[in-house]
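Asker: just need the structure, nothing else, for what follows:
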Amino acid sequence: MSTDAIVILKDDHKEIRKLFRDFRSQGPNATKTKGKIVDKIIEALTVHTYIENECMYPEIRKRVPDLEDDILESYEEHHVADVLVVELAALKPDSERFDAKTTVLIENVEHHIEEEEDEWFPKVREALGRKDLQEIGEEMLRLKEKAPRRPSQPSALKKTVDAIIK
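Answerer: The predicted structure follows:
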């Protein structure tokens with residue numbers, strides 16, 4: 001397994017995209033299967049955003065200051081995805097809003113992935129050497145082991161989510 005930070009993140013993106021395709025390939029009555037796929041999506045996104053927020057983004061902010069605006073936008077895109085993930089985790093697969101909320105999450109995350117891969121990953125690779133990317137990647141792999149697998153739900157957000165899904 002590569003320890004290059006960008007390779008690690010692109011591998012995660014590939015896994016997440018596959019889960020999105022799996023979800024989209026299900027028929028309208030595949031409620032149970034969709035629920036299982038969404039559980040996997042939630043876990044994959046929770047781990048992925050954790051390692052980006054805790055390691056990749058802070059390191060890139062320090063080492064490549066020209067990407068500050070891109071990183072701040074990525075934090076905000078993660079926030080939107082986190083809210084949707086928390087709401088999805090609280091929904092049952094047979095809820096009338098389950099498919100719609102999952103579709104909105106998928107569309108947001110796909111946009112985020114495209115921006116990272118097309119716009120700022122190439123800039124990061126150009127600015128940092130292999131050694132730096134491996135150092136960041138090794139830390140990301142360590143964090144992946146202890147990363148949460150389900151979203152945390154702060155009490156204020158929980159109240160908002162509970163009000164929304166009722």
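
Asker: number of residues surrounding the residue nearest to Glu15 when sequence neighbours are not counted?
Answerer: Nearest non-adjacent residue to Glu15, counting by Cβ to Cβ, 6 or more residues apart in numbering: Ala44, 5.9 Å away. For the C-beta atoms, the positions are set from N, CA and C on the backbone; glycine is no exception. Neighbourhood size, Ala44 [other Cβ atoms under 10 Å]: 19.

Asker: Ala44 sits in which helix or strand?
Answerer: For Ala44, the host element (DSSP states H and E) is helix 31-51.

Asker: that helix packs against which elements?
Answerer: With contacts defined as 3 or more Cβ pairs under 8 Å, 6 or more residues apart in numbering; DSSP states H and E, helix 31-51 has these neighbours: helix 5-24, helix 68-90, helix 98-115, helix 130-146.

Asker: got the contact list for stretch 52-65?
Answerer: By Cβ atoms under 8 Å, 6 or more residues apart in numbering, the residues outside stretch 52-65 that reach it are 5, 9, 67-68, 71, 74-75, 78, 120, 123-124, 127-128, 132, 136, 139-140, 143.

Asker: pull out the buried residues from these.
Answerer: Taking 16 or more other Cβ atoms under 10 Å as the criterion, what is buried in the contacts of stretch 52-65 is 5, 9, 67, 71, 74, 78, 120, 124, 127-128, 132, 136, 139-140, 143.

Asker: now, which of the residues you listed sits nearest Lys92?
Answerer: Closest to Lys92 out of those is His78 (25.1 Å), distances taken as Cβ to Cβ.

Asker: center of the protein - which residue?
Answerer: For the chain, the residue lying nearest the average C-alpha position, counting by Cα atoms, centre = their mean, turns out to be Leu45 (3.6 Å).

Asker: identify the residues contacting the residue of the chain positioned farthest from its centre.
Answerer: Relative to the C-alpha centroid of the chain, counting by Cα atoms, centre = their mean, Asn29 is the outermost residue, at 26.6 Å. Applying Cβ under 8 Å, 6+ apart to Asn29 gives no contacts.
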